[in-house]
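> Quick check, what structure comes out for this input:
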Amino acid sequence: MNNKVTMGVRILFGLFCLIFGLNKFLNFMPFPPIPGDGGTLMGIYASSGFMKIIGVLEILGGLALISNKFVPLALTFLIAIMFNAILFHALHDPKNIVGAIVGFVLGLILVYAYRDRFKSLLSA
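Sure thing, here's the model as predicted:
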């Protein structure tokens, strides 16, 4: 993959994660209420501090991607967060799944770009 494209996707995904991570602390983009069990689950996540942990991981991962340091490590936990976001939205809030899909696809593009670093994890 082209180095400039990889750098652009890396910075874009880094900013994506940084902004959504900071939002978990600063709440500058309030999320609409989620109806039903999804809302209950999100309330539990928020009151338990779980979302703050996710926010810290997103901030650290975003900074790692932007600074081009520890990229494979950052991608490892950011892809897991994005995958879980897709599952949550698919099961509880499908109309708001687009952001999670965008983040996941950006992450997968980077995993492909850094596939040489993931060979041992992806080998059978």
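
> going forward, measure contacts and count neighbours with C-alpha atoms only.
Will do.

> Other residues contacting the helix of greatest length in the chain?
When the chain is parsed with DSSP state H, its longest helix is helix 3-26. Helix 3-26 is touched from outside by 29, 51-52, 54-66, 103, 106-107, 109-110, 113, with contacts defined as Cα atoms under 8 Å, 6 or more residues apart in numbering.

> Among these, name the buried ones.
51-52, 54-66, 103, 106-107, 109-110, 113 (16 or more other Cα atoms under 10 Å).

> Pull out the buried positions in stretch 66-86.
So stretch 66-86, judged by 16+ other Cα under 10 Å, has buried residues 66, 71-72, 74-75, 78-79, 81-83, 85-86.

> Nearest to residue 119, out of those: which one, please.
residue 72 (11.2 Å; Cα to Cα).

> Look at the closest one and tell me its secondary structure.
Here residue 72 takes the helix state, with states given by DSSP: H, G, I helix; E, B strand; the rest coil.

> Could you verify my assumption that it touches residue 119?
No. Using Cα atoms under 8 Å as the test, residue 72 is too far from residue 119 to be in contact (11.2 Å).

> Filter the buried residues of stretch 66-86 down to just the ones in helices.
66, 71-72, 74-75, 78-79, 81-83, 85-86.

> farthest pair in those?
66 and 86 (23.2 Å).

> Can you give me every residue that contacts residue 98?
With Cα under 8 Å, 6+ apart, residue 98 has no contacts at all.
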